[in-house]
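In: okay, structure incoming, though there's no sequence with it:
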């Protein structure tokens, strides 16, 4: 048997691969937005006075961080319908990514929030700011700036994790690659090329975050 | 769901643990080499290992498994699913552990290396007896954290058809048609494997932070 | 944690190295596998690719042992060659790649004879037939191919059902592809899809889970399954064909078919369009 490399099917499928990449980025960015919402919300609830709420957040974070993403997405897609909640692959993927990213975001952001000097909060309250304003301007923004690199690398990881959504037939790069592979049987060529696509995409996401970081946190610290 | 099905799930746990162990141990040995190469001082070696690490950290684990699974056979290595997947996880772990340990090697105070050099210790003795013990201790929380990621990552072997815990769950769910129960149990089993390790890692992190206060 | 500086610095190196690697493998890859029955006997085992989750064709039972129609046929073939069989369960889409890359020696893996597949692998004479159709809940209204357009249909990726549904369903049908039979059936049971492209046994499995809920709506085609060897391996192909002729005539095939399919073997055609049975 002579296995000769043949990139023909890959080149033919290039438009589809690019669309698939767009799908990946779409899922990733939507998942990130949801993750940030869950992250900030979780941080607020985590330090609430109501104990059950605190326990709820802790349980949520521990559960999500100690179970595999594939099992989480299988659960939402195949198991929840039997409890009455049926979501299509795209929505399932976004929710699963958001929940997964959110659990990590809660811990990361919380770390940043706890590093804010208590004196800052007291000064803000002394100046007559509302509690919500203090949280938003004095705690959250500097905290996000401090943990921004950690958050960026977590979100790059989220972009790569979208590949698992192929298992529930969501539309993204891996499932497009699998379709091309199943028609041509050129596994190594297809997956090798797609691996490079992901590498480029992870760099794109990182650069995007770098730009956002420069724009949002462009104030002097001291 | 009867005991037969539950035992099938436990068999899956067996494979998950085996895969994680091989990946962690073999990946650890390779990762140590990677970390040392990355801090060797030789410009070319450092750049090359840097590229190796960047490749594995910038691409999905699933793709890495696919490429190893299909690619190895191409260069003449006819291995079964188990071996191919084990190699895939080993390479993945070696890159991540290499990067974690590079960071902790660089975190060892420079004075230690200088003192060791002043005492006439060569590279091997310096690394083995002075730098590495301290570096590995610093790296414990992150290393344990990665072990948890690795255990979760073995679930992707299901997609290349290897019957570890997640795939066993899929098969059982397809026999008894109770996905809520089955995937709930599968999640609980993973939780049982990972959570104790996560707690250990967090505990160690607090201990080290306390020591530095 | 990813060091974002590292990735930034080494991105160019990686891309260059990867490009070099892909080009390099083109020169490194030479023929690695070409098998004859004598070599299999010498190596002491026959590595058979089979399905691990598709009863009654090929499935791994709860003790981890490979069973099924294909397993029985493969074991007989192993006896014929004088080598014990080692089974490698494969997902639907991995079957042909596993053979062409040398991971397995032969496929007894519910391989339906399709002209596209015949370009990648060598089929033997047929040894069993399989009817492909569409299964849905009794309450779902599907009477013609055109009706499929209103629904979401699930299929195992790269399977015959995949090709058949893609061919017969109108543009407006949404097709979802899953990794294997197990996931596809789960998709129907959980309502994520309203119909699934099936082989003749899905309905049995569904009836076990939920008796009387599902039925076969459409029949696409009858397909014949053959054993697969690599293109160009003349001796292997000749040996398999001789073996299949033998079990057809001595009653072994009928016995195994009755055991797993609960029916007699069908009349096999002497040729299937676009699919040669022999190496030429």
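Out: Thanks, I have it. Predicted model, so just to flag it, every value in this text is computed and none were measured.
In: from chain A, how far out is residue B:88?
Out: Residue B:88 sits 12 Å away from chain A, going by Cβ to the nearest Cβ, to the nearest Å. Backbone N, C-alpha and C define where each C-beta goes, glycine included.
In: can you give me the neighbour number for that residue?
Out: As a burial measure, residue B:88 scores 26 neighbours (other Cβ atoms under 10 Å in any protein chain shown).
In: check which helix or strand covers it.
Out: helix B:81-107 (DSSP states H and E).
In: continuing past that helix, what's the next helix or strand?
Out: Where DSSP H and E defines the elements, the next helix or strand beyond helix B:81-107 is helix B:110-118.
In: residues of that next one that come out buried?
Out: Across helix B:110-118, burial judged by 16 or more other Cβ atoms under 10 Å in any protein chain shown covers B:113, B:116.
In: how far away from the center of its chain is that helix?
Out: When distances are taken as Cα atoms, centre = their mean, to the nearest Å, helix B:110-118 is centred 31 Å away from the chain's centroid.
In: give me the below-cutoff pLDDT ranges for chain B.
Out: B:73-76, B:78, B:211-213 (pLDDT under 70).
In: how about chain A?
Out: For chain A (pLDDT under 70), the answer is A:1-3, A:220-222.
In: once you drop chain neighbours, what's closest to the residue in it that chain C sits nearest to?
Out: As assessed by Cβ to the nearest Cβ, chain C sits closest to residue A:182 within chain A, at 3.4 Å. Residue nearest to residue A:182 in three dimensions, not counting chain neighbours: residue C:158, with 3.4 Å by Cβ to Cβ, 6 or more residues apart in numbering or on different chains.
In: where does the residue in the stretch 101-250 of chain C that chain A sits nearest to land in three-state SS?
Out: Proximity of the stretch 101-250 of chain C to chain A (Cβ to the nearest Cβ) peaks at residue C:158, 3.4 Å away. Following DSSP: H, G, I helix; E, B strand; the rest coil, residue C:158 is assigned to coil.
In: and the direction of the helix holding residue B:88 versus that of helix B:110-118, what angle?
Out: 90 degrees (axes from the mean of the first three to the mean of the last three Cα atoms, to 10 degrees).
In: for residue 58, what are its contacts?
Out: Since no chain was named, I'll use chain A. residue A:46 (Cβ atoms under 8 Å, 6 or more residues apart in numbering or on different chains).
In: not quite, go with chain C.
Out: Residue C:58 sits next to C:50-52, C:66-71, C:89, C:108-110 when contact means Cβ under 8 Å, 6+ apart.
In: same thing with residue B:119?
Out: Neighbours of residue B:119 in contact, by Cβ under 8 Å, 6+ apart: none.
In: please report phi then psi for it.
Out: Main-chain dihedrals, residue B:119, degrees, to the nearest 10: phi -80, psi 0.
In: what's the spacing between it and residue B:138?
Out: Applying Cβ to Cβ, to the nearest Å, the value for residue B:119 to residue B:138 is 22 Å.
In: what's the single longest helix in chain B?
Out: Counting by DSSP state H, the longest helix found in chain B is helix B:3-38.
In: three-state assignment of the nearest residue to residue C:202 once chain neighbours are set aside?
Out: Distance criterion Cβ to Cβ, 6+ apart; nearest residue to residue C:202, sequence neighbours excluded, is residue C:135 at 5.4 Å. Secondary structure assignment for residue C:135 (three-state DSSP): strand.
In: tally of neighbours for residue C:135?
Out: 24.
In: need the pLDDT of it.
Out: Listed pLDDT for residue C:135 reads 92.
In: again, but for the one 3 residues further on
Out: Residue-level confidence at residue C:138 comes out at 89, pLDDT.
In: need phi/psi at it.
Out: phi -60, psi -30.
In: same deal with residue B:69?
Out: Torsion angles, degrees, to the nearest 10, at residue B:69: phi -60, psi -50.
In: tell me, how many residues neighbour the residue of the stretch 101-250 of chain C closest to chain A?
Out: 24.
In: equivalent analysis for residue B:18, please.
Out: 14.
In: list the contacts for it?
Out: Counted by Cβ under 8 Å, 6+ apart, residue B:18 has zero contacts.
In: swap in 10 Å and give it another go.
Out: B:82, B:86, B:154, B:164 (Cβ atoms under 10 Å, 6 or more residues apart in numbering or on different chains).
In: go back to those residues and keep what's next to chain A.
Out: For chain A, the contacts drawn from those by Cβ under 10 Å from any Cβ of the partner chain are residue B:154.
In: out of the contacts of residue B:18, who has the most neighbours?
Out: Most surrounded of those: other Cβ under 10 Å gives residue B:154, at 28 neighbours.
In: residue boundaries of the helices in the chain?
Out: With no chain named, the answer covers chain A. Using DSSP H, helices in chain A cover A:8-12, A:14-46, A:51-65, A:69-74, A:89-114, A:118-126, A:131-133, A:141-161, A:173-184, A:187-216.
In: actually chain C
Out: Listed in chain order, the helices of chain C (DSSP H) span C:4-28, C:37-43, C:69-81, C:95-100, C:115-118, C:160-168, C:181-189, C:202-209, C:234-249, C:252-261.
In: with mean pLDDT as new columns, can those be given to me in CSV?
Out: Formatted as CSV, those follow (pLDDT from 0 to 100):
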stretch, mean pLDDT
helix C:4-28, 57
helix C:37-43, 88
helix C:69-81, 93
helix C:95-100, 88
helix C:115-118, 88
helix C:160-168, 88
helix C:181-189, 88
helix C:202-209, 81
helix C:234-249, 92
helix C:252-261, 89
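In: got TSV for those, with mean neighbour count too?
Out: Shown next, in TSV, are the helices of chain C (neighbours: other Cβ atoms under 10 Å in any protein chain shown):
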stretch	mean neighbour count
helix C:4-28	15
helix C:37-43	14
helix C:69-81	21
helix C:95-100	24
helix C:115-118	16
helix C:160-168	21
helix C:181-189	26
helix C:202-209	16
helix C:234-249	18
helix C:252-261	17
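In: can you tell me which residues contact the nearest residue to residue A:102 once chain neighbours are set aside?
Out: Spatial nearest neighbour of residue A:102, chain neighbours left out: residue A:38 (2.8 Å); criterion: Cβ to Cβ, 6+ apart. Neighbouring residues of residue A:38 by Cβ under 10 Å, 6+ apart: A:57, A:60, A:64, A:98-106.
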